[in-house]
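# take this sequence and fold it.
(2 chains)
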Amino acid sequence: MGSILYYTLGAIISFILAFTVGITYMGLDRKITARVQNRIGPPWYQNFLDVSKLYFKKTNIHQGIMQHMGAAFMMVTAVMALLIVPIFNHGHFFPNLNFQGDLIFLLYIMVFGQLGMALGVGQTGNPNAAIGITRGLSQMTGYEIPWVLALVALMIQYKTTSIVDLMNVQAETGRWLMFSSPFAFLAAILAMLGMFSHAPFDIMVAPNELASGPISEYGGKYLSILMSAGAVFMFAKLTLYVDLFMGGSSNLLALLIKTFSFFLIPVLYGIVSPRYRTEQAIRYFWGWPSLFGLLAVIQAVILK
Amino acid sequence: MNMIYILFSIFLAGAILTWVADKISGILRDLFFLLTVLSATTFFYLKIPVGYTTNITLAGLHLQWGITAFGWYFSLIVLGLGTMAAFYALSYMKGKERLGYFYFNFLISLLSMMGILMSRDLVSFFIFWEIMTWSSYFIVIYKGKHVQRSGINYLLFSAIGAYAMLMAIVMVYAHTQSLLIPDMIQAFPFFTLSAKIWLPILFLTAFSVKAAMMPLHVWAPDAYSDSPMAYTSVFSGALSKMGIYGMVLVFVTMISYLPNDTAFRETFAWLGAITAIMGTLWAIAQDDARKLLAWSSVAQLGYIITGVAIGTELAILAALFMAVMHALFKGTLFLVVGAVEKQTGKVKFSEVSGLIRKMPWTFIAALFSIITLAGIPPLGGFVGKWMLYQSLISSNHVILVVAIFFASTAAFLYCYKFLFGFFLGQEEPEIAHVREAPLLMIIPMLILSLLESILGVYPQIIFRPLDAAMQTLGFPATQVHFWNTSVLFNEWGNQVALKPLFYAVAGIFLFFFLVLTIKGWKTTRKVSTKDISTSGEIPKQNENLTYSINFYQPFLRAVAPAMKRRMMTYYREIGSGLEAFFDYTRRLYSGNGQTYAIYVIIFVVLLLLFKNSLFS
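Sure thing, here's the model as predicted:
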């Protein structure tokens, strides 16, 4: 019983950390984008204001029970991902229910919330929402290929499917996987561009013409929870990349520096890029990124 | 009195009584039908224990019937799904014609499947296999002349499989002088090399036709979608598993004794993966829900075939577990389509939308099954998927695992299309009259989807009989004590504990669901699906803005090169080529006596010319 309380407390602390960092990064994204475009931009804490304003809105509308639950589904994915990805090496302070951090489970639980949210937005009856979802799902089939190739390469090279084991490998050898498995790293980074749906792979959100894509009918408390879930989920994904390729982090400062440097990749790449159409995006991911993934697998098979 | 005879007699007598009762009264017919299924199921599980065998001598041939743990495992699929579909059928088929015919064939096909599982010799196996083909063929053509084409396709491919199997049986008999399956398995390592290679190929041809493996799948989409949905659920859920049943036997008992079995295994694993990928792509392109599910069945059996072909302990465990899961979710989904078809009269996504409020229970069944299909935790589909990936990764099938992963990622596309197409989107005035399906149809669907979710947390319910089945196949006892604690293990010792995961998912969901519900309870309003803003406009009441035409057009554009060629065109070309050839040979019969005289002379001349070489 005591251990359950301990884990729950750890989960709550991790959640607060992930929420704060995630929302701050989102604000910084807006600030950086604005500065590159020679605008002043909103302050870095603008997204905190947005989330709380939305949460405290008096009137909320929904189109049905699935939409009502959609945000909760998304939150399940975000928190589960956060609980499975170890935040620190030797996580004594943030114990997390990391369940041995199984990668395949992580890949599948990541889809849980997205499918739930997709059903939620489907119920709104807004055609833009469904269009956004079809684009998002199609794009997912694109970047999943290099991403899975990279992960499989790591798995067979080190004979484990657990994130914790992969972190231990890096601690033992003293080399980050981004150097010892460079092709896997490249493939994973390119897949990350699609995963974060920044430009040039932002057609599913299409902020300008689809009215925020899938979530166009969400507002008030629903949008607030969705934004928080997005922030937490983003932080979990960044931590996953840090754990896999940079050996995890031993203190808060290292965690922030490492995650932020990963976060900058899609942001900076996105600012200067135009947009791909869906089929172009899919074909892009099946081109060079998948080739890097294949090279990673070949490397893994040879080195094994 | 022999228990197996009694079981078959129950089925047969029940089928005939149902058929006769149809001439007298509808209620009597329904009663007989239901009684037959229920009594046969109860009888089987109460009176026929695993290991029960009986010997028959028929026309000098020694035959044997009996049930092994492996067959018993598959009987769960056949009788479990069969019972549910039978209940459903009573309500679904109400008011349709020729019900005696339908129920008769339904029962006979259940009988034949049980017969296959209980055949311990090749002759009865073949006979039951043929009965299964014919009874399902009769149901495929139930709807009349316009579906005759699908029926003929199905029968043609089944005939190819049947001839292959018959040849294999003759070969076995020539080698061993015995028709018993155990004798064949024991004698197999001592066969000649060519027999060792040909036997598995012939058997696998027969089994892959039923399992709809590419390139022998072309009958499946039409046959699945043209049968009445109450039967399709059994057709796709249980009948196609008979192919898997045979495949597992062939791979475990025969392929392992081949000098070079990797080539065999790799070929079949890849055929399975290609089936999975192409089936998924074609499923995404469908607008007809029945066709979508039919292609999806083809794809899902592809995964199972891959697992069986890899043949490691974990892979076969995964494949057999997925076989049960597939029966559960695909059975349910076909029933869902049947319910929608019955209540709205439509099966196309572009014709119907927004049913969630009209048919909430059907939606819940569909939702659970789709989550299981997609393999998303914490439902049962995840267990099978996880084990399949782990077995592929730890046996170094790197590219294969990516192929399978792609197929299951792409499967999310059609999963969403199915739920969105029927149940979500804007409500139309045309569906205002639609009611929820009758209770007799809802309950089987809900029972099946409840099983899916229970198996996600307690997979040991299935693992226990599965473990016994694996031991019958000659594998060592699997780690039952681990399964019992709901923890999954791979060969490297990595694990997933299902129970805490389920509690975590449920806890987080409930917490945020409550937050969302309680916060602003009074000020939260539910509005209609017409109350939306699209590009600054509010749609009119009679406008339907649901997006359902060209649903995945961008994706289909991206994969268009892969879908350019269809297997059916090749078969058609072969067909027309043969027709032309036969048309040409037909000209030999010119009807002119002079020509025939010349043939005779040519024949005699040839005979004289080659006299020495022919008769020496």
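# and what about residue B:54, helix, strand or coil?
The three-state label given to residue B:54 by DSSP: H, G, I helix; E, B strand; the rest coil is strand.
# ditto for the one 3 residues further on
Following three-state DSSP, residue B:57 is assigned to strand.
# so it versus residue B:121, what's the distance?
Residue B:57 sits at a distance of 11 Å from residue B:121 (criterion: Cβ to Cβ, to the nearest Å). In short, each C-beta sits where N, CA and C put it, glycine included.
# distance of residue A:127 from residue A:121?
Note on residue A:127: its distance to residue A:121, by Cβ to Cβ, is 11 Å.
# and the gap between whichever residue of the stretch 1-150 of chain A sits closest to chain B and residue B:542?
Residue of the stretch 1-150 of chain A nearest chain B, by Cβ to the nearest Cβ: residue A:125 (3.1 Å). Taking Cβ to Cβ as the measure, residue A:125 falls 14 Å from residue B:542.
# which positions in the stretch 251-400 of chain B make contact with chain A?
B:354, B:356-357, B:367, B:371, B:374-377, B:382, B:385-386, B:389-390, B:393-394, B:396, B:398-399 (Cβ under 8 Å from any Cβ of the partner chain).
# narrow these to just the buried residues.
B:354, B:356-357, B:367, B:371, B:374-377, B:382, B:385-386, B:389-390, B:393-394, B:398 (16 or more other Cβ atoms under 10 Å in any protein chain shown).
# keep only those of those that are in strands.
Of these, none are assigned to strands by DSSP state E.
# leaving out chain neighbours, which residue sits closest to the residue of the stretch 1-150 of chain A closest to chain B?
Nearest residue to residue A:125, sequence neighbours excluded (Cβ to Cβ, 6 or more residues apart in numbering or on different chains): residue B:529, at 3.1 Å.
# list the contacts for residue B:81?
By Cβ atoms under 8 Å, 6 or more residues apart in numbering or on different chains, the residues touching residue B:81 are B:233-234, B:237-238, B:327-328, B:331, B:448.
# does it lie in a helix or a strand, and which?
For residue B:81, the host element (DSSP states H and E) is helix B:69-92.
# any idea how far that helix is from the middle of the chain?
In terms of Cα atoms, centre = their mean, to the nearest Å, the gap separating the centre of helix B:69-92 from the centre of its chain is 13 Å.
# after that helix comes which helix or strand?
Using DSSP H and E, the helix or strand that follows helix B:69-92 in sequence is helix B:99-118.
# picking up where we left off before, double-check that the residue of the stretch 1-150 of chain A closest to chain B belongs to a helix.
No. Going by three-state DSSP, the assignment for residue A:125 is coil, not a helix.
# distance of it from residue A:217?
Distance of residue A:125 to residue A:217, given as Cβ to Cβ: 8 Å.
# break chain B into its domains for me.
B:261-495, B:565-615 (automatic domain parsing).
# what's the closest of the ones you listed to residue A:190?
For those, the distance to residue A:190 is smallest for domain B:261-495, at 15.4 Å, taking Cβ to Cβ.
# what separates the closest one from the chain centre, distance-wise?
Taking Cα atoms, centre = their mean, the mean C-alpha location of domain B:261-495 is offset from the chain mean by 11 Å.
# between helix B:69-92 and the lengthiest helix in chain B, find me the angle.
Ordering each helix of chain B by length in residues (DSSP state H) puts helix B:313-344 first. Helix B:313-344 and helix B:69-92 are oriented at 10 degrees to each other (axes from the mean of the first three to the mean of the last three Cα atoms, to 10 degrees).
# now helix B:313-344: average pLDDT?
Averaged over helix B:313-344, pLDDT sits at 91.
# next one: stretch A:285-304
What stretch A:285-304 shows for mean pLDDT is 89.
# output the below-cut-off pLDDT ranges for the stretch 101-250 of chain A.
Within the stretch 101-250 of chain A, the segments meeting pLDDT under 70 span A:207-213.
# quick one: the strands in chain B, in order.
Taking DSSP E to define them, one finds strands in chain B at B:53-58, B:61-66, B:487-489, B:495-497, B:524-526.
# residue B:148: what's it in contact with?
Here residue B:148 is in contact with residue B:141 (Cβ under 8 Å, 6+ apart).
# what does residue B:199 give?
Counting by Cβ under 8 Å, 6+ apart, residue B:199 has contacts B:168, B:171-172, B:188, B:191, B:254.
# could you dump those residues into a markdown table with neighbour count added?
Output for those, formatted as a markdown table (neighbours: other Cβ atoms under 10 Å in any protein chain shown):
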| residue | neighbour count |
| --- | --- |
| B:168 | 24 |
| B:171 | 17 |
| B:172 | 24 |
| B:188 | 20 |
| B:191 | 19 |
| B:254 | 22 |
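# would a markdown table of the strands of chain B with distance to residue A:42, mean neighbour count and mean pLDDT be doable?
Output for those, formatted as a markdown table (distance: least, Cβ to Cβ, whole Å; neighbours: other Cβ atoms under 10 Å in any protein chain shown; pLDDT from 0 to 100):
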| stretch | distance to residue A:42 | mean neighbour count | mean pLDDT |
| --- | --- | --- | --- |
| strand B:53-58 | 78 | 12 | 82 |
| strand B:61-66 | 76 | 18 | 85 |
| strand B:487-489 | 46 | 18 | 74 |
| strand B:495-497 | 42 | 18 | 76 |
| strand B:524-526 | 29 | 14 | 83 |
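# out of these, which gets nearest to residue A:57?
Closest of these to residue A:57 is strand B:524-526, at 10.3 Å (criterion: Cβ to Cβ).
# between residue A:125 and residue A:217, which contacts overlap?
A:63, B:532.
# neighbour count for the two, which is higher?
More crowded of residue A:125 and residue A:217, by other Cβ atoms under 10 Å in any protein chain shown: residue A:125, with 30 against 27.
# list phi and psi for that one.
Residue A:125 adopts backbone torsions of phi 80, psi 0, taken as degrees, to the nearest 10.
# buried residues, stretch B:508-524. List them.
For stretch B:508-524, burial by neighbour count (16+ other Cβ under 10 Å) applies to B:508-509, B:512-513, B:516, B:519-520, B:524.
# typo on my end, stretch B:427-442
For stretch B:427-442, by 16+ other Cβ under 10 Å, it's B:427-428, B:431, B:434, B:436-438, B:441-442.
# give me the contact list for it.
A:125, B:87-88, B:90-92, B:335, B:338-339, B:342-344, B:352-355, B:357-362, B:365, B:528-529, B:541-542, B:544.
# could you rerun that using 7 Å?
Stretch B:427-442 is contacted from outside by B:87-88, B:90-92, B:339, B:342-344, B:352-355, B:357-362, B:529, B:544, using Cβ atoms under 7 Å, 6 or more residues apart in numbering or on different chains.
# what does the stretch 151-300 of chain A have sitting close to chain B?
Applying Cβ under 7 Å from any Cβ of the partner chain, we find that the stretch 151-300 of chain A lies next to chain B at A:152, A:155-156, A:159-162, A:217, A:221-222, A:225, A:277-279, A:282-283, A:297.
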